[in-house]
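Visitor: Task: produce atomic coordinates for the following.
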Amino acid sequence: MDNINGKKETIFYVKGMHCASCELNIERKLLDLPSIKSVEASLNKGEVVIEYENAKPIIEELNNLFKQEGYEISEQPVKINGKFSARDFATILIVFILASLGFISINKLGLSSLINVNAKSSLLAFLFFGVLAGASTCATLVGGIILSMSKQWSGRQPHIYFNFGRVLSYGFFGALLGFIGSKLQISLSFSSFLILAISLIMIFLAFDMLGISAFRKFQITMPKFITRRIASEKNFKRKQMPFIIGTSTFFLPCGFTLTAQSAALLSANPIQGGLIMLFFAIGTAPILLLIGLTSAKFLDNPQWSARFLKIAGALVLFFALFNINSQLNVFGMPSLSDIKSNNFLNDLPPIINGKQIIKMNASTSGYNPSRLKARAGIPIRWEITDTGTSGCTNAIIAKDLFSDRISLTLGKTSVKEFIIEKPGTYKFTCWMGMVSGTFEAI
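Guide: You can find the predicted model right below:
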């Protein structure tokens, strides 16, 4: 068919498109052909939409172009291979187990805040999260823009402008989200529900990255009208265009970016929100810059790209499930954290001046003891000594016991007095649900 800009459009079908980064590989090679002006590869459809001038590309020539990568181009729809091999399952299982063991070890060392992603996480955590995003979904979503830029310009300058604009806008809009969060006065319950919603999005994203065919429709791609506009030569006459396009990528819908943006909002602090998004964008920059400067030649091996995407998907799934488990702790519901709670107080606490005295230490690695006993109906004086908490663990909440939070200060003892009215087991946790404990009232 003909487009209004005078170019012609056709659809080819691809067999053997294994991963999101493979789309970039196909787009790059097709854009190298002089007659082709715009390419949009779709992983979930197994097709490539091409805009061209003059003669229509010849199937035989295209198949020769992709022969080494194992792709097969045709003009008839092909069945997409959605099989999940035993090797893929083993790879994902190993990565998931290693991630779990690694996180448990890091948590015991009190360094969990370095890799967990939430509003109070360290900036290094968001830097790592950005690296993971840049090598997976950001490479796919933003990669089409970068390859279109490579088609129009040569040299480093446009790509440096693009990434500089991207990093700058992420920092600015992150600060704006933090400012908005401070004015909204977001409640703990709302933030927990938001984290759960984002975690569900991350699970869908992870399943798509793992290659599960039922979730391929969840894949987020650039709208066609945007890719065509970007690919047009006349839109690149101004040298500041790469910078402008880079700044606009903040608004592209990506599961990783959405997670970082929600953390910036929940931080309720313009400086913290800006730094969260800044470090996230810096993490994505190396891969995106590499795509631009090399025209994505590092993606020429589709098997390696597919395997890496599955590893990244397993890590994303781990983070999502960890966040869900943490929010179950916040809501006082049963979770996997209950299994490891073996540090308990056997005896009932002494009663002094009519109050049960319970003493506990709090640190980044957890509570000591973490399982407490008390008598129902008798006032409790809970003395908590902060022996080294972090931004994620410097407050304690227990929704079923009291409405406010207990703020902790390093080296000092905080006191909370309350009464447990009914016998039962009640959960308490840090405000992000990372570490938890229980009260057994008898």
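
Visitor: Now the helix or strand Phe179 falls within: buried residues?
Guide: Counting by DSSP states H and E, the element that carries Phe179 is helix 157-184. Neighbour counts using 16 or more other CB atoms under 10 Å place 158-163, 165-171, 173-179, 181-182 of helix 157-184 among the buried residues. Yep, even glycine has a C-beta here, placed from its N, CA and C like the rest.

Visitor: now the helices for the stretch 301-442 of the chain?
Guide: In the stretch 301-442 of the chain, the helices defined using DSSP state H, counting those that start in this stretch lie at 302-330.

Visitor: so where's it uncertain?
Guide: In the predicted model of the stretch 301-442 of the chain, residues 301-309, 312, 340-346, 390-392 satisfy pLDDT under 70.

Visitor: need the strands for it, in chain order.
Guide: Assigned by DSSP state E, counting those that start in this stretch, the strands in the stretch 301-442 of the chain fall at 351-352, 355-363, 366-368, 371-374, 380-388, 395-398, 402-407, 413-418, 424-430, 436-441.

Visitor: quick one: which of these is nearest Leu98?
Guide: Closest of these to Leu98 is strand 366-368, at 21.8 Å (criterion: CB to CB).

Visitor: Show me which positions of the closest one end up buried.
Guide: Going by neighbour count (16+ other CB under 10 Å), the buried part of strand 366-368 is Gly366, Tyr367.

Visitor: Give me the packing partners of it, helices and strands only.
Guide: Helices and strands in packing contact with strand 366-368 are listed as strand 355-363, strand 436-441; criterion 3 or more CB pairs under 8 Å, 6 or more residues apart in numbering; DSSP states H and E.

Visitor: hey, which of those strands is tucked in deepest?
Guide: Per-residue neighbour counts averaged over each of the helices and strands packed on strand 366-368 give the maximum for strand 436-441, namely a mean of 22 (mean count of other CB atoms under 10 Å).

Visitor: Identify the residues contacting that one?
Guide: Contact with strand 436-441 is made by 329, 335, 337-338, 341, 360, 366-367, 369-376, 398, 401, 420, 422-430, as judged by CB atoms under 8 Å, 6 or more residues apart in numbering.

Visitor: one more time with 7 Å, if that's ok
Guide: By CB atoms under 7 Å, 6 or more residues apart in numbering, the list of residues contacting strand 436-441 from outside reads 329, 337, 341, 367, 370-374, 376, 401, 420, 423-429.

Visitor: From the residues you listed, list the buried ones, please.
Guide: A residue is treated as buried here by neighbour count (16+ other CB under 10 Å); on that basis the buried members of these are 329, 337, 341, 367, 370-374, 401, 420, 426-429.

Visitor: Closest one of those residues to Ile245?
Guide: Asn329 (41.7 Å).

Visitor: ok, the nearest residue to the closest one once chain neighbours are set aside - contacts?
Guide: For Asn329, ignoring the flanking residues on the chain, the nearest one in space by CB to CB, 6 or more residues apart in numbering is Gly433 at 3.7 Å. Gly433 is in contact with Ser326, Gln327, Asn329, Val330, counting by CB under 7 Å, 6+ apart.

Visitor: could the residues you listed go into CSV alongside distance to Ala441?
Guide: Conversion of those to CSV gives the following (distance: CB to CB, whole Å):
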residue, distance to Ala441
Ser326, 24
Gln327, 24
Asn329, 18
Val330, 20
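
Visitor: how near is the most centrally placed residue in the chain to Ser262?
Guide: The chain has Phe256 as the residue nearest its centroid, 3.3 Å off, counting by CA atoms, centre = their mean. Remark: distance between Phe256 and Ser262 (CB to CB, to the nearest Å) = 11 Å.

Visitor: So the chain: which segments form each domain?
Guide: For the chain, the domain assignment from automatic domain parsing gives the residue ranges 8-74, 86-330, 336-441.

Visitor: Quick check: buried residues in stretch 259-271?
Guide: Neighbour-count burial for stretch 259-271, counted by 16+ other CB under 10 Å, picks out Thr259, Ala260, Gln261, Ser262, Ala263, Ala264, Leu265, Leu266, Ser267, Ala268, Asn269, Pro270.

Visitor: correct me, but the third one touches Leu177?
Guide: Yes: under the criterion of CB atoms under 7 Å, Gln261 makes contact with Leu177 at 6.1 Å.

Visitor: residues shared between the contacts of those two?
Guide: Both Gln261 and Leu177 lack any common contact, where contact means CB under 7 Å, 6+ apart.

Visitor: Tell me the strands beside the one helix or strand Val39 maps to, with direction?
Guide: When elements are assigned from DSSP H and E, Val39 belongs to strand 36-42. In the sheet containing strand 36-42, its partner strands are strand 47-52 (antiparallel), by DSSP bridges.

Visitor: mind listing what's buried in the helix or strand just after the partner strand?
Guide: Using DSSP H and E, the next helix or strand after strand 47-52 towards the C-terminus is helix 59-65. Using 16+ other CB under 10 Å as the burial criterion, the residues of helix 59-65 that qualify are Leu62, Leu65.

Visitor: How far away from the center of its chain is helix 59-65?
Guide: Averaged C-alpha coordinates place helix 59-65 at 37 Å from its chain's average position (CA atoms, centre = their mean, to the nearest Å).

Visitor: Whatever helix or strand comes next after it: which residues count as buried?
Guide: Scanning forward in sequence from helix 59-65, with DSSP H and E defining helices and strands, the next element found is strand 72-74. Residues of strand 72-74 classed as buried under the neighbour-count rule (16+ other CB under 10 Å) are Ile73.

Visitor: Use 621 as the first number from now on
Guide: Fine by me, first position is 621 from now on; the one you just mentioned is strand 692-694.

Visitor: which helices and strands does strand 692-694 pack with?
Guide: Judged by 3 or more CB pairs under 7 Å, 6 or more residues apart in numbering; DSSP states H and E, strand 692-694 is in contact with strand 628-635, helix 679-685.

Visitor: Okay, now the sheet partners of that strand, with direction.
Guide: As assigned by DSSP bridges, strand 692-694 forms pairs with strand 628-635 (antiparallel).

Visitor: Residues contacting the partner strand, please?
Guide: Contacts of strand 628-635 from elsewhere in the structure, counted by CB under 7 Å, 6+ apart, are 621-623, 646, 666-672, 676, 682, 691-698.

Visitor: And that strand, what's buried?
Guide: Judged by neighbour count (16+ other CB under 10 Å), strand 628-635 contains these buried residues: Lys628, Phe632, Tyr633, Val634.
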